[in-house]
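Asker: after the sequence you'll find the predicted model.
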2 protein chains.
Amino acid sequence: MARPVGTKGKDTSERIKACSLRLFAHSGYAAVSMREIALAAGVAPAAIYNHFATKQHILLAILHSHMTELLSAFEKDRPAPSQGAIARLQHFVCFHIDYHSARPDQVFLSYMELRALEAENFQLIEALRRDYEAHLKAILTAGHAEQSMRACDIHVTAMAILAMLTGISGWFRERGRLSQTDIQTIYTDLVLRAAGADHQPVTARSQHSAAG
Amino acid sequence: MARPVGTKGKDTSERIKACSLRLFAHSGYAAVSMREIALAAGVAPAAIYNHFATKQHILLAILHSHMTELLSAFEKDRPAPSQGAIARLQHFVCFHIDYHSARPDQVFLSYMELRALEAENFQLIEALRRDYEAHLKAILTAGHAEQSMRACDIHVTAMAILAMLTGISGWFRERGRLSQTDIQTIYTDLVLRAAGADHQPVTARSQHSAAG
DNA sequence: CCAAAATATAAACGAACGTTCATTTTTAAA
DNA sequence: TTTAAAAATGAACGTTCGTTTATATTTTGG
């Protein structure tokens, strides 16, 4: 066989990326073979090497795309600093939940398979993640300056908030007791509390769930 | 060769577990070979099968030990319910940080390689994790009942608290800016805030770190 | 229009994989 | 003391791994 009619390299490489993402997120980078990826993408194993030098480069491309797209999406329509730190923090929480809940595979991969990257590639992705963290820290710092927030420690609070938010994907299921909007409401409250913000708590929710 | 003098099966199997734990936590379950484990444990690859039926059984044994030991350690010297929900929650935070910071590999493995377990084994470990979550939920529920806490939603708050606490291992480094005691102080404050507890905030810490 | 780049394939490479086997020696139970 | 179980080994099993090679066809730029 040879090259089929009408094939476009860009289409194929995007299909390989998309299929790899799904497989990596489901089974883990090391557990997925190039043959599985090729089968899912509908190409021969050797064809992958026309688009990615190695398996590692597929993972890197996925993670790099995800982080740069996350950053540009956030930077696109965030509120101006003049709107105050509390409004900015509320927006950060809602944006994070919206963006990440629409991309569960990317979330899983970004936080679980970073160690599968070789040192050099790891640092590349890590730097992008620090850029995202910096956005949150900037909000907390602004809140501290304008005295609308009283976080004990900017860095630790930022880490705790991101862990809380990222942890959502570990237990949240659509069609469950709570909608995504419920989650955004509850987490906005939790995060503002963590930041030590003076805010109006939401109307007390009835306790649908008992402990245990 | 054959069986060396003075060999005890229990010693060898514990050594295999310990070496596997370190390797799995560092590289991921799928990325570690039985030959690597054997080399680290100082035995021939085939010897592993005298103690574990398959590679999967090694992972299961590690995770099962960790969860049962965590549960019995917590249940051993927790404060009595009569001491109040706030004291119980403070103890939970300090216990969690102490116990897990002493076992970083187990933490990593427990939260990252659950998916490497086959369905049946997964449910076994998941049930133990829910037992641990239930301890936290019981405290939040007690706090709600005695009106010392005002969490918006017991389940979501418990998940957020555990994510915060578990996330610590992702960024905390000994010999860094903050000691483990600092972390416990800050997180006790963060968690009590998240739980909506009426508590005396700690003396405002100076901001050692700027944002970014 | 034509050469070169791009894109695909089948087949094969050597290496590594999890596991099994036959065998040997030590330990522990009867 | 005899004997079966336990614990170890080196060698090998068939399979799968990531990747390369040789080759064929399509697309595209000058």
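Answerer: Yep, that arrived.

Asker: tell me which residues of the longest helix along chain A come out buried.
Answerer: As assigned by DSSP state H, the longest helix anywhere in chain A is helix A:119-145. If you call a residue buried by 16 or more other CB atoms under 10 Å in any protein chain shown, then helix A:119-145 has these buried ones: A:121, A:125, A:128-129, A:131-133, A:135-144. (C-beta placed from N, C-alpha, C; glycine too.)

Asker: equivalent analysis for stretch A:23-36, please.
Answerer: A:23, A:24, A:25, A:28, A:29, A:30, A:31, A:32, A:34.

Asker: got it, and stretch A:150-165?
Answerer: A:151-165.

Asker: out of those, who's nearest chain B?
Answerer: residue A:163 (2.6 Å; CB to the nearest CB).

Asker: if we can go back for a sec, show me what the longest helix of chain A packs onto, helices and strands only.
Answerer: helix A:55-76, helix A:85-101, helix A:154-167 (3 or more CB pairs under 8 Å, 6 or more residues apart in numbering or on different chains; DSSP states H and E).

Asker: ok, 10 Å please
Answerer: Packing contacts for helix A:119-145, counted by 3 or more CB pairs under 10 Å, 6 or more residues apart in numbering or on different chains; DSSP states H and E, involve helix A:55-76, helix A:85-101, helix A:104-112, helix A:154-167, helix A:180-194.

Asker: can you list the weak-confidence ranges in chain A?
Answerer: A:1-9, A:198-212 (pLDDT under 70).

Asker: ok, back up a step: so which of the helices and strands packed on helix A:119-145 is nearest residue A:42?
Answerer: helix A:55-76 (15.7 Å; CB to CB).

Asker: is the closest one up against DNA strand D anywhere?
Answerer: Yes: applying CB under 7 Å from any atom of the strand, one finds helix A:55-76 in contact with DNA strand D at A:55, A:56.

Asker: the buried residues of stretch A:150-165 also near chain B: which ones?
Answerer: Filtering the buried residues of stretch A:150-165 for neighbours of chain B using CB under 10 Å from any CB of the partner chain leaves A:151-165.

Asker: nearest to residue B:176, of these?
Answerer: Among these, and counting by CB to CB, the member closest to residue B:176 is residue A:155, at 10.0 Å.

Asker: surely residue A:108 is in contact with residue A:23?
Answerer: No: here residue A:108 lies out of contact with residue A:23, judged by CB atoms under 10 Å, at a distance of 11.7 Å.

Asker: picking up where we left off before, nearest to residue B:114 among the ones next to chain B among the buried residues of stretch A:150-165?
Answerer: residue A:163 (17.5 Å).

Asker: show me what contacts the closest one?
Answerer: Residues near residue A:163 by CB atoms under 10 Å, 6 or more residues apart in numbering or on different chains: A:111, B:160, B:162, B:163, B:164, B:165, B:166, B:167, B:168, B:169, B:170, B:171.

Asker: separation between the closest residue to the second one other than its chain neighbours and residue A:83?
Answerer: When the adjacent residues along the chain are set aside, residue B:160 lies closest to residue A:164, with 4.5 Å between them (CB to CB, 6 or more residues apart in numbering or on different chains). Counting by CB to CB, to the nearest Å, the separation of residue A:164 from residue A:83 is 23 Å.

Asker: does residue A:111 touch residue B:170 like I think?
Answerer: Yes: counting by CB under 10 Å, residue B:170 is a contact partner of residue A:111 at 8.3 Å.

Asker: give me the more crowded residue out of these two.
Answerer: residue A:111 (19 against 15; other CB atoms under 10 Å in any protein chain shown).

Asker: can you tell me the closest non-neighbouring residue to the more buried one?
Answerer: residue A:166 (6.1 Å).

Asker: repeat that for residue A:180.
Answerer: residue A:101 (5.9 Å).

Asker: can you check residue A:118 too?
Answerer: Closest to residue A:118 by CB to CB, 6+ apart is residue A:56, at 6.4 Å.

Asker: before we move on, what about residue A:165?
Answerer: Counting by CB to CB, 6+ apart, the residue nearest residue A:165 is residue A:96, at 5.0 Å.

Asker: for that neighbour, what are its contacts?
Answerer: A:70, A:74, A:132, A:136, A:161-162, A:164-166, A:168, A:184, A:187, A:191.

Asker: before we move on, what SS does residue A:175 have?
Answerer: coil (DSSP: H, G, I helix; E, B strand; the rest coil).

Asker: and the two most separated of the buried residues of stretch A:23-36?
Answerer: Using CB to CB, the buried residues of stretch A:23-36 reach their maximum pairwise distance at A:25 and A:34, which is 16.8 Å.

Asker: before we move on, the earlier item: quick check: the residue nearest to residue A:180 vs residue A:186, distance?
Answerer: From residue A:101 to residue A:186 the distance is 14 Å (CB to CB).

Asker: same check, this time on residue A:74
Answerer: 21 Å.

Asker: quick one, which of those two is more surrounded?
Answerer: Per other CB under 10 Å, whichever of residue A:74 and residue A:186 has more neighbours is residue A:186, with 21 against 18.

Asker: count of residues packed around residue A:75?
Answerer: Residue A:75 has 10 nearby residues by other CB under 10 Å.

Asker: repeat for residue A:166
Answerer: 18.

Asker: what separates it from residue A:107, distance-wise?
Answerer: Taking CB to CB, one finds residue A:166 at 7 Å from residue A:107.

Asker: residues that sit against both of these two, list them.
Answerer: What both residue A:166 and residue A:107 touch, as defined by CB under 10 Å, 6+ apart, is the set residue A:100.

Asker: what sits against the residue nearest to residue B:160?
Answerer: Contacts of residue A:164 (CB under 10 Å, 6+ apart): A:93, A:96, A:187, A:190-191, A:194, B:156-157, B:159-164, B:167, B:190, B:194.

Asker: can you rerun that using 8 Å?
Answerer: Counting by CB atoms under 8 Å, 6 or more residues apart in numbering or on different chains, residue A:164 makes contact with A:187, A:190, A:191, A:194, B:160, B:163, B:164, B:167.

Asker: what do you get for residue A:165?
Answerer: A:93, A:96, A:97, A:100, A:187, A:191.
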